[in-house]
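K.L.:
sequence-free structure coming up:
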């Protein structure tokens with residue numbers, strides 16, 4: 001990292017582990033924060049001073065079989081990214097909340113454009129379940145990888161929030177927890193686009209962020225932060241200062 005590169009932070013964990021509040025806490029230090037909000041997650045922020053956002057939900061018109069997509073949240077996101085780039089990234093911190101919902105919006109758009117949606121998606125017990133062909137996942141993979149490359153070039157603090165998933169290693173049978181990412185090709189590659197990877201978890205009835213990796217958790221800190229930090233901006237900004245990094 002150089003002092004001109006900015007810093008990319010991946011935060012992942014279960015719902016309710018203060019991931020969005022962590023991103024919003026940078027505003028409490030006087031930094032300007034912009035959310036690309038796919039989850040309507042700003043409702044969890046008590047103080048929104050210095051916070052702006054794009055609400056990137058699919059927008060529909062009509063009901064039932066006459067229901068039509070007016071604007072895609074995924075397409076709105078790409079437009080919003082381009083807008084911020086054209087303004088030379090005026091904010092101090094950019095947040096994508098969440099990557100998991102961005103993936104769903106992207107795949108839903110691909111299904112509709114290819115004539116396989118919205119019936120290509122279905123609801124099951126309140127969760128969005130997406131069915132798609134291998135080719136359609138390939139198109140999504142290409143778009144998502146481009147977005148990650150784009151994020152890596154943002155010369156500010158960029159925080160991307162992921163949900164988590166638990167899986168079992170096919171050989172060792174060990175239980176592994178990882179950021180939730182669609183497909184087979186992208187999950188092993190996601191980490192290379194980020195400088196910091198934190199896992200949000202409960203410890204002694206409070207939330208902490210794990211910054212150092214283990215056989216169970218994929219984490220790291222190039223800022224050399226302690227193994228566990230509180231979910232606030234102070235530790236990150238302090239680590240940046242020690243490394244001579246500035247916005």
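P.N.:
Right, received. Where do you want to start? What you see is a predicted model, and the numbers here were worked out from it, not measured in a lab. Numbering: from 1, shown residues only.

K.L.:
Longest helix of this structure, counting residues only.
P.N.:
helix 134-152 (DSSP state H).

K.L.:
What are the buried residues along that one?
P.N.:
Neighbour counts over helix 134-152 (16 or more other CB atoms under 10 Å) mark 136-137, 139-141, 143-144, 147-148, 151 as buried. The way it works is simple: take the backbone N, C-alpha and C, and place the C-beta from them, glycine included.

K.L.:
Out of those, which comes closest to residue 163?
P.N.:
residue 144 (14.7 Å; CB to CB).

K.L.:
correct me, but that closest one touches residue 186?
P.N.:
Yes - counting by CB atoms under 8 Å, residue 186 is a contact partner of residue 144 at 6.1 Å.

K.L.:
burial of the closest residue to residue 34 other than its chain neighbours, as a residue count?
P.N.:
Using CB to CB, 6 or more residues apart in numbering and skipping residues adjacent in sequence, the residue nearest residue 34 is residue 91, 4.3 Å away. A count of neighbours around residue 91, defined by other CB atoms under 10 Å, yields 21.

K.L.:
Check which helices and strands the longest helix of the chain sits against.
P.N.:
For helix 134-152, the elements it packs on are helix 99-113, judged by 3 or more CB pairs under 8 Å, 6 or more residues apart in numbering; DSSP states H and E.

K.L.:
give me phi/psi at the residue nearest to residue 34?
P.N.:
Dihedral pair for residue 91: phi -90, psi 160, per degrees, to the nearest 10.

K.L.:
measure it to residue 245 for me?
P.N.:
The gap separating residue 91 from residue 245 is 17 Å, by CB to CB, to the nearest Å.

K.L.:
go on, residue 86?
P.N.:
Residue 86 is 25 Å from residue 245, by CB to CB.

K.L.:
Please identify which of those two sits among more neighbours.
P.N.:
residue 245 (19 against 8).

K.L.:
my read: the more buried one touches residue 7, true?
P.N.:
Yes - with contacts counted by CB under 8 Å, residue 245 reaches residue 7, the gap being 6.5 Å.

K.L.:
where in the protein is pLDDT low?
P.N.:
Counting by pLDDT under 70, the ranges of the chain that qualify are 1-5, 60-70, 115-131, 247.

K.L.:
if we go to 80?
P.N.:
1-5, 43-48, 58-71, 112-133, 167-176, 183-185, 215, 246-247 (pLDDT under 80).

K.L.:
Can you show me the helices along it?
P.N.:
Shown for the chain, the helices assigned by DSSP H span residues 19-24, 73-86, 99-113, 134-152, 233-242.

K.L.:
circling back: pull the residues that contact the longest helix of the chain.
P.N.:
With contact meaning CB atoms under 8 Å, 6 or more residues apart in numbering, helix 134-152 is reached by 8, 81, 96, 102-103, 106-107, 110-111, 114, 116, 132, 158, 160, 182-183, 185-186, 189-190, 193.

K.L.:
what about 7 Å?
P.N.:
In this structure, residues lying in contact with helix 134-152 by CB atoms under 7 Å, 6 or more residues apart in numbering are 8, 81, 103, 106-107, 110-111, 114, 158, 160, 182-183, 185-186, 193.

K.L.:
Buried members of these into ChimeraX, please.
P.N.:
Of the contacts of helix 134-152, the buried ones go into a single ChimeraX selection, burial set by 16+ other CB under 10 Å:
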select :8,81,103,106,107,110,111,158,160,182,186,193
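
K.L.:
from the contacts of helix 134-152, which two are the most distant?
P.N.:
Maximum pairwise distance in these, criterion CB to CB, is 31.4 Å, between 8 and 114.

K.L.:
Now for residue 55, how many residues are close by?
P.N.:
Count around residue 55 with other CB under 10 Å applied: 15.

K.L.:
Okay, buried residues for stretch 225-242 please.
P.N.:
For stretch 225-242, a neighbour-count test (16+ other CB under 10 Å) marks 225, 229, 231-233, 235-237, 239-240 as buried.
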